[in-house]
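A.B. asks: Only the shape, not the letters, is given here:
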């Protein structure tokens, strides 16, 4: 018997599948083939409650109960491509490739009895899933250009249907008040694309309760919030008409069930990499723009809550409790992971990783799983577990038993009310300090300047790439530094007359653009500098005569007069150094 006090980790290889208890570093369950068998494990799928695990292998489909190893369902001679559980894990549906031998390629099973209760035909792999409300009293599936509905666990005959011209896809909100969003693409006559929301069971042509029309959409992704009251519409075009992006163009719209709608303002060109709803609040995070991409947090009115600045990011992840946000870069971007406190909007830690292809939060909200998986990367396959402070707790690498490759790894899901929000204890860091440290470690230093105690040069951090609160702090620091420079300039005998007060800022700046006379210069450079200073002092004398005669001089001329004492002081120092 297995205990369930901590989520297990399922790991799938080419000919091996294991359940790991990461809290004890133990292997709990192993499914393995003989050496002569070359058939792969196709995939595995956890049920939402974590009680069941579905596995596809060797033309078979198996569902078993994790705690007892009890076999719930076993189907042979099935090449299952994908599987989905219902929200309460009462049903499991499977999808196979459509063929003449298998015209009904979607099957629905009841788990408590293992009975096949319905078959459907679906030609589109992206639309095969049967969608359930959270209480499983309503189920819907796309069929021949319309959406058909089943009620009260009866799948013999549908009781309602939603049929609209050009209906392309749909999404169920899954709440007690079941809302259905449908996408209708633009027609050839030039009408815009649209997304409509209906309240079940009112599905008539004029029963739409909310509608959003828009252009520039070849495909649309519909994402409901966790309350089922708002919908994000990600409209994607295959080709960017402006020619700025190879990946097409993406726009994000928001549509509420009360009929209000708006567009999400994105202030940087480039693709939208990721969008995630918060599980704890009616807000969402967007990662967008060319690399270095921007990340922002928006509320349901599409107003900005916080700007995380720019960085090498392509993904965002809320932990299940919604109090930590992870911003990460995968794919062609180095796998850096930033961990943010959502409540205080402070940076907890930044993890620098290489070759990461997958990441997932543990259901308890404290631990983070990162992995390098095949076929994306066929070398150095492994998984790591970090806590929310960025400390590495476990590093697991494949060996010859796994043929040096793993293809899938996922935490065991748990119901939301099992783990409370983790209490965070950390010392916040600033993104500016992180960027400065990274720049210093990457900076090339010539051999002649190495092994010196003093820093060589200064690394500047672009304030536009910093998070919102650090930009304000950085601006205050710069203002304070300018004030200190001005005070230092006054102590260095730069005297500005009342008539020249309007040019005082330029005078102070000029003090630091001129080299000081006490600097050690070689004789040739000192000779040239003395010649230039004498020339400037002579020009200042001419300007003074013109000023005394009543002539009005410009700002540049007044600035030059104001620098006379600095020039004289530097000239005297240079002459003394030559003696």
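C.D. replies: Everything's here; your move. Given the structure is predicted, the values throughout are model-derived calculations rather than measurements. Numbering: from 1, shown residues only.
A.B. asks: Test for you: state the pLDDT assigned to residue 18.
C.D. replies: We note a pLDDT of 88 for residue 18 in this prediction.
A.B. asks: Hmm, I typed the wrong one, I wanted residue 464.
C.D. replies: Looking at residue 464, the pLDDT reads 70.
A.B. asks: Next one: it relative to residue 471, how far apart?
C.D. replies: According to Cβ to Cβ, to the nearest Å, residue 464 stands 8 Å off from residue 471. All C-beta spots, glycine's among them, are computed from the backbone N, C-alpha and C.
A.B. asks: Next, show the common contact partners of these two.
C.D. replies: Residues touching both residue 464 and residue 471 by Cβ atoms under 8 Å, 6 or more residues apart in numbering: residue 309.
A.B. asks: neighbour count winner among these two?
C.D. replies: residue 471 (17 against 9; other Cβ atoms under 10 Å).
A.B. asks: list the contacts for the more buried one?
C.D. replies: 309, 463-464.
A.B. asks: again, 7 Å this time
C.D. replies: By Cβ atoms under 7 Å, 6 or more residues apart in numbering, residue 471 lies in contact with residue 463.
A.B. asks: That one and residue 309: what is the separation?
C.D. replies: 8 Å.
A.B. asks: Any idea how far apart the tips of stretch 351-360 sit?
C.D. replies: 15 Å (Cα to Cα, to the nearest Å).
A.B. asks: Give the rounded mean pLDDT of that stretch.
C.D. replies: 88.
A.B. asks: what about the stretch 351-500 of the chain, any weak spots by pLDDT?
C.D. replies: Low-confidence segments of the stretch 351-500 of the chain, defined by pLDDT under 70: 400-401, 439-445, 449-462, 472-500.
A.B. asks: where do the strands sit along it?
C.D. replies: Assigned by DSSP state E, counting those that start in this stretch, the stretch 351-500 of the chain shows strands spanning 358-361, 367-372, 382-387, 392-397, 406-411.
A.B. asks: So which other helices or strands are in contact with the first one?
C.D. replies: Helices and strands in packing contact with strand 358-361 are listed as strand 367-372; criterion 3 or more Cβ pairs under 7 Å, 6 or more residues apart in numbering; DSSP states H and E.
A.B. asks: Direction included, what does the strand it packs on pair against?
C.D. replies: Strand 367-372 pairs in its sheet with strand 358-361 (antiparallel), strand 382-387 (antiparallel), by DSSP bridges.
A.B. asks: Name the surrounding residues that touch the longest one.
C.D. replies: What it means is strand 382-387. 22, 351, 366-372, 392-398, 409.
A.B. asks: Moving along the chain from the helix or strand bottoming out on mean pLDDT in the chain, name the first helix or strand you hit.
C.D. replies: Sorted by mean pLDDT, DSSP states H and E, the helices and strands of the chain end with helix 504-513, the least confident at a mean of 38. As assigned by DSSP states H and E, the chain's next helix or strand after helix 504-513 is helix 523-548.
A.B. asks: and residue 263, what are its bridge partners?
C.D. replies: residue 253.
A.B. asks: so who does it touch?
C.D. replies: If a contact means Cβ under 7 Å, 6+ apart, then residue 263 has 251-253, 302 as its contacts.
A.B. asks: can you map out the helices along the chain?
C.D. replies: Using DSSP state H, the helices of the chain run over residues 431-442, 468-491, 504-513, 523-548, 555-562, 564-578.
A.B. asks: Tell me which other helices or strands the fifth one touches.
C.D. replies: Okay, so that is helix 555-562. Packed against helix 555-562, as judged by 3+ Cβ pairs under 7 Å, 6+ apart, are the following elements: helix 504-513, helix 523-548.
A.B. asks: on contacts alone, who are the packing partners of the last one?
C.D. replies: Just to be clear, that refers to helix 523-548. If contacts are counted by 3+ Cβ pairs under 7 Å, 6+ apart, helix 523-548 sits against helix 555-562, helix 564-578.
A.B. asks: out of these, which comes closest to residue 88?
C.D. replies: The closest of the helices and strands packed on helix 523-548 to residue 88 is helix 555-562. By Cβ to Cβ, the value is 76.6 Å.
A.B. asks: Show me the beta-bridge partners of the residue lying closest to residue 9 once chain neighbours are set aside.
C.D. replies: Counting by Cβ to Cβ, 6 or more residues apart in numbering, residue 9 lies nearest to residue 20, which is 4.5 Å off, once chain neighbours are set aside. As for beta bridges, residue 20 partners with residue 9, residue 27 under DSSP bridges.
A.B. asks: Can we start the residue count at 23 from this point?
C.D. replies: Yep, numbering from 23; the last one is residue 42 now.
A.B. asks: What separation do you get for residue 42 and residue 386?
C.D. replies: According to Cβ to Cβ, residue 42 and residue 386 sit 16 Å apart.
A.B. asks: cool, and residue 35?
C.D. replies: Remark: distance between residue 35 and residue 386 (Cβ to Cβ) = 26 Å.
A.B. asks: out of these two, which sits in the busier spot?
C.D. replies: Neighbours per residue, other Cβ under 10 Å: of residue 35 and residue 386, the larger number sits with residue 35, 22 against 18.
A.B. asks: The more buried one and residue 427 touch, don't they?
C.D. replies: Yes: the pair residue 35 / residue 427 is scored as a contact, 6.2 Å apart, by Cβ atoms under 7 Å.
A.B. asks: dump the residue contacts of residue 216.
C.D. replies: Going by Cβ under 7 Å, 6+ apart, residue 216 touches 206, 233-235.
A.B. asks: most neighbours, which of the contacts of residue 285?
C.D. replies: Among the contacts of residue 285, residue 274 has the most neighbours (other Cβ under 10 Å), with 22 neighbours.
A.B. asks: How about the contacts made by that residue?
C.D. replies: 254-256, 285-286, 294, 297, 308.
A.B. asks: Among these, the buried ones, what's the ChimeraX command?
C.D. replies: Selection of buried members from the contacts of residue 274 for ChimeraX, criterion 16 or more other Cβ atoms under 10 Å:
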select :254,255,256,286,294,297,308
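A.B. asks: Residue 93: which of the contacts of residue 274 is nearest?
C.D. replies: Closest approach between these and residue 93, by Cβ to Cβ: residue 297, at 38.9 Å.
A.B. asks: what pLDDT does residue 24 get?
C.D. replies: 35.
A.B. asks: Please apply the same query to residue 69.
C.D. replies: 96.
A.B. asks: That one: neighbour count?
C.D. replies: Considering only other Cβ under 10 Å, residue 69 is surrounded by 24 other residues.
A.B. asks: try residue 270
C.D. replies: Around residue 270 sit 15 other residues, with neighbours defined as other Cβ under 10 Å.
A.B. asks: Same check on residue 93?
C.D. replies: 11.
A.B. asks: Am I right that it is in contact with residue 86?
C.D. replies: Yes: Residue 93 lies in contact with residue 86 (Cβ under 7 Å); the separation is 5.2 Å.
A.B. asks: residue contacts, residue 385?
C.D. replies: Contacts of residue 385 by Cβ under 7 Å, 6+ apart are 29, 342, 433, 435-436, 441.
A.B. asks: neighbour-wise, which of those residues leads?
C.D. replies: The most crowded member of those, judged by other Cβ under 10 Å, is residue 29 (23 neighbours).
A.B. asks: Hmm, it is touching residue 436, no?
C.D. replies: Yes: Residue 29 is within contact range of residue 436, at 6.0 Å (criterion: Cβ under 7 Å).
A.B. asks: What residue, apart from its backbone neighbours, is nearest residue 111 spatially?
C.D. replies: Once flanking residues are discounted, residue 111 sits nearest to residue 69: 4.1 Å by Cβ to Cβ, 6+ apart.
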